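Asker: Need coordinates for the following:
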Amino acid sequence: MRDPVAKNGSAVGAPNVPAQALSRTAGRPWTAPADIDSEHSPTSLRTVLSSILEFLAPLVHCETLALVLRDSKDNILRLYAVEPRHLRQYASVSLDPADDELIETVLNQQQLVIAPDVDTSQRFPRMISRMKTLGVRSLCIVPLSTPSGRSGALCFGSMVPREYSESEVRMLQSVGAGLCPLIECAKLQDEARDRETRVLRERDALAILLEINNFIISHRTLKELIVAISSTLRRWFQHDFAGLWVITEQNKLSCVGLDFPNGRGLIESFAPELDEAKIEELNMLRPSVRSGKELDEITDSLARPLKREGIANLLTIPLRTPHRVVGFLAVGSMQADCFREEDLPLFTQIGSQIALATENALVFHELSQAHDQLRSEKLYLESELNAEYNFSDIVGKSAAIKSVLEQVAVVAKSDATVLLLGETGTGKELIARAIHNLSERKPHTFVRLNCAAIPSGLVESELFGHEKGAFTGALSQKIGRFELAHRGTLLLDEVGDIPLELQVKLLRALQEREFERLGSTRTIKVDVRVVAATHRDLSELIRSGQFREDLFYRLNVFPIRIPPLRERPEDIPLLVQHFVALFSRRMRKNIRSIPSDTLAKMTHMHWPGNIRELENVIERAVILTQGETLQVLLPEEERPVAAPPVVSSPTASTLEDVERNALLEALRRARGRISGPEGAAALLGLKRTTFHSKMRRLNLQRSDLWRE
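Answerer: Residues are numbered from 1 along each chain as shown. You can find the predicted model right below:
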């Protein structure tokens, strides 16, 4: 902002150096010079004015001298030099001839202005008021004119009221005329110096930006990128740290890169949660340089680590892309004057490059995660397709199974956690799949985990995954089942067998929908619908201290009891027909009928293994069947009948005698018949050929049965 100056007096004050008038110095790409007229220059206006003032002081009693030049480019008056220097207070004044009689008189009309006593002068009230504040009591303003135009004025002042004689005025006019060529030369030098400075600035900026651009191309990770950029900037700026923070998917600021060799780790730990107000505040962030008390304006959570690390100068640049603000770049120093406002344009361009690199890195990370998840899902689904399922659809029309399906239809539309209770082999996994298929999560993955089939030490890794090197044997990163089931359904089969020490982490994952992989501190948020299944009595496990009560309440939101097969006997004929058709197609057999007496027997059996046992029996029957009629060997028929206790004779003192007596007793009970379901071989649980072999070895004949 330009400082106002009295238009009825001379423009007195410090020079307002243009932004382009900068020069390169050691340690910084560019800095503002002390004055626009270098003291080492033989044409230094300060040296000339000092000499003129020293020469005129005894002749015209002149205590102060100032040179004001007109800047046609900016249409303002600039104070190029003043003697003595302590009077320099103001930088420039706007030119407005219609409003300023002094400028119109001196510059445009080239008239001499003399004010013998500022207290009694009636002209130029604004200028007179300004002179009084500076202690000047009398004033003589000589217009200057060079070949390039009416350039400015030379102001002579005295600290006491006095009249200027005609000879003194002519002398002052002569001094002004003689100074004009020198002024013209100085202005040309200034312009040349400005152009050189602009070229140097542009060259340095392009060199820095080109080097940073090369880093962006050659460094894939943001951590490596920020270290490389910081090392480049350190050749120009003596900063102590440079850090890059990005906004994560969880609306959290995360430090992805930090170069702070002497830091204590306090700034890196700055990772606050962002609510809507803070995100909006970050979107409105502008490039800024803050020092001292200005650092207190920063959010307290960041100000504390900055102060504790001793940061006295901070430059922050928002990383803004065409779509959003992805984070911010912070560069700090323990020196209060490391960064200045004129450094912001360069860092703004650097921020634009880093913003694009950051957005590309985040997109690449998301695509990489999505690719890894799709690859894991593909492998998982391929393994699922190769696995043998009990059956492909729910079979049954009994009231018990209809009641279960009604409960499934009710709960499927919600995201509530379901607990499936039932004996082994009742089809709990099939019910879980039905819940998934009837829900809005059907397009996504259904993931299952049998907690009882995995060693207790690996359950956590299977559930939540692990990072490379998290434990011995962790040679690569692994995505857990929770992460695989994102936006889908996770079946925790045999949940009662989860180790007690892991149940706390499972409870947190169910409640907060977030977890950390083994060996990682990064929190992963997931959207998973959990279906738990068990054949064990969880209440009994709670009483015995093997299962957490709070986890049970979290799982037992919507319990569904699946009835055993003995409670739904009317479904057994349907299941038998279903399995016969399924295995017949698989084994390429043409089985057309099932004996009714066989179905009747199977309907009234207990089936302790439930549907799984029935499936195995039918599969074995299809294998053994040779014709079109199913031949079923029921469990009671295929179990060997225990041989009756053999009463050894008093003379049976050897193993051979014991075997001989057992064979004879079996033949006696079977009435001499060896083969068949009720033959001697079946009574002893032996094959017919084995029974004959033993008879030959013992030299035993059937006739021996009747002799004894």
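Asker: So what are the sheet partners of the helix or strand where L154 lies and their directions?
Answerer: Secondary-structure element containing L154, defined by DSSP states H and E: strand 149-158. With DSSP bridges as the criterion, the sheet partners recorded for strand 149-158 are strand 64-71 (antiparallel), strand 138-146 (antiparallel).
Asker: wait, which of these is closest to V169?
Answerer: Between V169 and these, the shortest gap by Cβ to Cβ is with strand 138-146, which sits at 7.1 Å. Backbone N, C-alpha and C define where each C-beta goes, glycine included.
Asker: could I get the strands paired with strand 149-158 as CSV with mean neighbour count?
Answerer: What follows is those, written out as CSV (neighbours: other Cβ atoms under 10 Å):
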stretch, mean neighbour count
strand 64-71, 23
strand 138-146, 21
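Asker: what's the closest of the ones you listed to V459?
Answerer: Proximity to V459 (Cβ to Cβ) singles out strand 64-71 among the strands paired with strand 149-158, at 78.3 Å.
Asker: Surely H436 is in a helix?
Answerer: Yes: when the secondary structure is assigned by DSSP: H, G, I helix; E, B strand; the rest coil, H436 falls within a helix.
Asker: List the residues that contact it.
Answerer: By Cβ atoms under 8 Å, 6 or more residues apart in numbering, the residues touching H436 are 412, 442, 446, 488-489, 529, 531.
Asker: try 7 Å this time
Answerer: With contacts defined as Cβ atoms under 7 Å, 6 or more residues apart in numbering, H436 is in contact with 442, 446, 489.
Asker: Now do the last one against R554, distance only.
Answerer: When you say that, I think you mean T489. Distance, T489 to R554, using Cβ to Cβ, to the nearest Å: 16 Å.
Asker: got it, and the first one?
Answerer: With distances taken as Cβ to Cβ, K442 is found 24 Å from R554.
Asker: which one of the two has more residues nearby?
Answerer: In terms of neighbours (other Cβ atoms under 10 Å), R554 is the more surrounded of K442 and R554; the figures are 18 against 12.
Asker: Would you mind confirming that the more buried one is in contact with A509?
Answerer: No: in this structure, R554 is not within contact of A509 by Cβ atoms under 7 Å, at 10.1 Å.
Asker: Report the buried residues of the strand holding L154.
Answerer: Within strand 149-158, the residues scored as buried using 16 or more other Cβ atoms under 10 Å are 150-158.
Asker: The helix or strand encompassing L491 packs against which elements?
Answerer: Taking DSSP H and E as the definition, one finds L491 inside strand 489-493. Using 3 or more Cβ pairs under 7 Å, 6 or more residues apart in numbering; DSSP states H and E as the contact criterion, the secondary-structure elements in contact with strand 489-493 are helix 428-438, strand 446-450, strand 529-534.
Asker: got the ones you listed as TSV, with distance to D657 columns?
Answerer: Supplementary listing: those in TSV, determined by distance: least, Cβ to Cβ, whole Å:
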stretch	distance to D657
helix 428-438	54
strand 446-450	52
strand 529-534	54
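Asker: want to throw the ones you listed into CSV with distance to L420 and mean pLDDT?
Answerer: CSV is the format used below for the helices and strands packed on strand 489-493 (distance: least, Cβ to Cβ, whole Å; pLDDT from 0 to 100):
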stretch, distance to L420, mean pLDDT
helix 428-438, 4, 90
strand 446-450, 12, 90
strand 529-534, 4, 94
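Asker: do you know which of the ones you listed lies nearest G310?
Answerer: Each of the helices and strands packed on strand 489-493 was scored for nearness to G310 using Cβ to Cβ, and the closest is strand 529-534 (49.0 Å).
Asker: Please verify my assumption that I454 contacts E462.
Answerer: Yes: counting by Cβ under 7 Å, I454 does reach E462; the two are 5.6 Å apart.
Asker: so which of the helices and strands packed on strand 489-493 is the most packed in?
Answerer: Comparing the helices and strands packed on strand 489-493 by mean neighbour count (mean count of other Cβ atoms under 10 Å), strand 529-534 ranks first with a mean of 26.
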